[in-house]
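> heads up, no residue letters with this:
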């Protein structure tokens, strides 16, 4: 017969062991630092690894010149953003398992105040990166006055898969040039649409009232029932 008394006495000790904070030994500071880095509030530790392969301004200008694309600023109706800079950070994962972060950034172009950049970043934390490292970066270069997309670039790094693509928007001639030729990614249009709708003052939706079904009284029981 199994004696249950030692097991009962050991349960509080097990609970104390599991709930007590773990101390980091002098030779294990790196593991403690890594746990801190994977904290949801430490996304900035990995952000610098995303977007390092984005196209330079000189490369974008050379591509536009090769495609005979002129300046497309100031063609549409002017709109204004309710902010100049914005950064939205999303902590992603599956249940209690943290996987990484997603980020949406709006900022003016560093060397061109007439252009605003809409940037999307996705990057995995150290746990997921150990077997599937994700460092994705997309950017839409848009006219700051009307949010027309001018140039879109995509840099994907997911595990062993990498891909770099771009699209030029020639609004004067209603043309679009992409590499590869059939590449089209709606993220630039979606980001522009989102920022166009946000400053709008939309009317409150009207909620129609649904009439209640008529009440009928049963002759046999005298109780009220709905049909």
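Received, thanks. Being a predicted model, the structure only gives us computed values, none of them experimental.
> From now on I want contacts and neighbour counts done on CA atoms only, so please keep to that.
Will do.
> where's residue 43 relative to residue 161, distance?
Using Cα to Cα, to the nearest Å, we find residue 43 at a distance of 23 Å from residue 161.
> try residue 130
On the measure of Cα to Cα, residue 130 and residue 161 end up 15 Å apart.
> Tell me which residues touch residue 121, please.
Contact analysis of residue 121 by Cα atoms under 8 Å, 6 or more residues apart in numbering lists 50, 51, 102, 103, 104, 135, 136, 137, 138.
> Among these, which one sits closest to residue 67?
Taking Cα to Cα as the measure, residue 67 lies nearest residue 138 of the contacts of residue 121, at 21.5 Å.
> Count residues in the vicinity of the closest one, would you?
23 (other Cα atoms under 10 Å).
> ditto for residue 113
11.
> list the contacts for it?
Contacts for residue 113 (Cα under 8 Å, 6+ apart) come out as residue 144.
> now swap in residue 71 and tell me
No contacts exist for residue 71 under Cα under 8 Å, 6+ apart.
> residue ranges for the helices of the protein, please.
Taking DSSP state H to define them, one finds helices in the chain at 5-19, 29-37, 44-47, 57-66, 126-129, 187-197.
> for the record, mean pLDDT for the longest one?
Over the span of helix 5-19, the pLDDT mean works out to 39.
> Equivalent analysis for stretch 115-123, please.
What stretch 115-123 shows for mean pLDDT is 93.
> again with stretch 139-148
For stretch 139-148, mean pLDDT rounds to 90.
> Compute the first-to-last residue distance for that stretch.
Across its full length, stretch 139-148 reaches 13 Å between end residues, using Cα to Cα.
> roughly how far apart are residue 105 and residue 91?
15 Å.
> Now that residue 165 has come up, it's in contact with residue 139, right?
No. Counting by Cα atoms under 8 Å, residue 165 does not reach residue 139; the two are 10.8 Å apart.
> got any residues that touch both of the two?
153, 154.
> Could you list the low-pLDDT ranges of the protein?
Where the chain drops to pLDDT under 70, the residues are 1-41, 181-227.
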